[in-house]
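J.: Provided below for reference: sequence and predicted model.
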Amino acid sequence: MADYREAPLATRPKTLDPNEYFNLSPDYRRAEAERAALRAGLKRQYQLQLNNPHRKELIEDPALNRWVYARANPYNHFKATKKTSLLGALFGVAPLFILYYVFKTDRVRSFNWMCAGLWVC
Amino acid sequence: MRVSFVSQSSQCQEMAGVGFQRWVRTLSKGKISGISGLLPACRSASGVSKDMLPGKYNIRVEDYKPIADNGEGYGDYPQLPDRSQQDRDPAYQWDHPDLRRNWNEPMHWDFDMFIRNRVDTSPTVVPWSTMCKQLFGFVGFMLFMFYLGDKFPAYQPVGPKQFPYNNLHLERGGSPDVEPEEVKNYEI
């Protein structure tokens, strides 16, 4: 498997990652074992709930709830830094003035043309 | 500590939902009350001790890295690798096969962008530089050739159009009484 090349349009599978069979340091292996234990625990919880014959309600997904809450409440952690102020000014304040100026100028010019008889649609 | 994490859950299965027991465990370790113990929170205000991270986000303490705090509202949400769902193993048995995600797995902040219908980070057949060269090379070449064709037009020589009936004398509004001058548009 040392000469495995990735299939086109796909990443290398985890089991063929060179770290898995060359990196045999205890720290790396312990880290991988902990991650696998976490994953296995979550799988087990899900399967218990899924196959529970007395379950009548939906299985709620706490990670999904956390994600939805985090995405819905960014303003609780908002801070006015240089970057955020610049973005706010660029996307929130500047378009108002620019668009007002553009529309007003265009309207005034076409009105004057129409009055002078120069307007050609 | 993490080995016992699996065995404790087997003892309190009759409780309403597995989320409840983990909520209790998280609260017993930290000082946070209520539902906010499990929700994403401020970095400084949450008092997130390193022990609570497995209970809260289900990732290892060493793997946890919060998104850069530049005031853009991320809180203490973890930074996960920027890989799309299309990049994940199609042969593994996911809990949600269309999303290629397991139940209660921590979701990327931009998860809705990385679904399989949208942004895809899987490797391309040819490198990015080759793709750029091919596309811009072709488009640039075509633009250049059209510019040259505009500058140096090439068509058959033409002269002004010739009309019969004395250059269409009547059709152009000439009166029928007036004799038009004879126009000869040909040479024999």
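T.: Everything's here; your move.
J.: quick one, domains of chain A?
T.: The domain map for chain A lists A:1-78, A:80-121, with the assignment taken from automatic domain parsing.
J.: among those, which is nearest B:R118?
T.: Taking Cβ to Cβ as the measure, the domains of chain A were each checked against B:R118, and domain A:1-78 came out nearest at 15.6 Å. In this view, the C-beta of every residue, glycine as well, is placed from N, C-alpha and C.
J.: any part of the closest one near chain B?
T.: Yes - contact of domain A:1-78 with chain B (Cβ under 8 Å from any Cβ of the partner chain) involves A:6, A:8-11, A:13-14, A:31, A:34-35, A:37-46, A:48-49, A:59-67, A:69-71, A:73-78.
J.: let's test this: mean pLDDT of that domain, rounded?
T.: Throughout domain A:1-78, pLDDT has a mean value of 88.
J.: stretch A:98-115 too?
T.: If you average the per-residue pLDDT over stretch A:98-115, you get 94.
J.: list the buried residues for it?
T.: Residues of stretch A:98-115 classed as buried: none (neighbour count, 16 or more other Cβ atoms under 10 Å in any protein chain shown).
J.: weed out the non-buried ones from the residues of domain A:1-78 next to chain B.
T.: Among these, those buried by neighbour count (16+ other Cβ under 10 Å) are A:11, A:34, A:38, A:41-43, A:45-46, A:49, A:59, A:61-63, A:66-67, A:69-71, A:77.
J.: so of the residues of domain A:1-78 next to chain B, which ones are in helices?
T.: A:31, A:34-35, A:37-46, A:48-49, A:62-67, A:69-71 (DSSP state H).
J.: ok, the longest helix seen in chain B near chain A or not?
T.: In chain B, with assignment by DSSP H, the single longest helix is helix B:128-151. No - counting by Cβ under 8 Å from any Cβ, no contacts exist between helix B:128-151 and chain A, the nearest distance being 13.4 Å.
J.: just the CA trace of that helix, in PDB.
T.: Once non-C-alpha atoms are left out, helix B:128-151 reads as follows in PDB (Å, rounded to 0.1, in the frame of the first residue of the first chain):
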ATOM      1  CA  TRP B 128      -5.300  24.700 -10.000                       C
ATOM      2  CA  SER B 129      -2.500  26.400 -11.900                       C
ATOM      3  CA  THR B 130      -3.100  24.200 -15.000                       C
ATOM      4  CA  MET B 131      -6.800  24.900 -14.900                       C
ATOM      5  CA  CYS B 132      -6.200  28.700 -14.700                       C
ATOM      6  CA  LYS B 133      -3.600  28.600 -17.500                       C
ATOM      7  CA  GLN B 134      -5.900  26.600 -19.800                       C
ATOM      8  CA  LEU B 135      -9.000  28.700 -19.200                       C
ATOM      9  CA  PHE B 136      -7.400  32.100 -19.300                       C
ATOM     10  CA  GLY B 137      -5.100  31.100 -22.100                       C
ATOM     11  CA  PHE B 138      -8.100  30.100 -24.300                       C
ATOM     12  CA  VAL B 139     -10.200  33.100 -23.500                       C
ATOM     13  CA  GLY B 140      -7.300  35.400 -23.900                       C
ATOM     14  CA  PHE B 141      -6.400  34.000 -27.200                       C
ATOM     15  CA  MET B 142     -10.000  34.300 -28.500                       C
ATOM     16  CA  LEU B 143     -10.200  37.900 -27.300                       C
ATOM     17  CA  PHE B 144      -6.900  38.700 -29.000                       C
ATOM     18  CA  MET B 145      -8.000  37.100 -32.300                       C
ATOM     19  CA  PHE B 146     -11.400  38.900 -32.300                       C
ATOM     20  CA  TYR B 147      -9.600  42.200 -31.600                       C
ATOM     21  CA  LEU B 148      -7.300  41.600 -34.600                       C
ATOM     22  CA  GLY B 149     -10.300  40.700 -36.800                       C
ATOM     23  CA  ASP B 150     -11.900  43.900 -35.800                       C
ATOM     24  CA  LYS B 151      -8.800  45.900 -36.600                       C
END
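J.: ok, the residue positioned nearest the centre of chain B - contacts?
T.: Central residue check for chain B by Cα atoms, centre = their mean: the C-alpha nearest the mean position is that of B:V119, 3.7 Å away. With contact set as Cβ atoms under 8 Å, 6 or more residues apart in numbering or on different chains, B:V119 has these partners: B:S84, B:M113.
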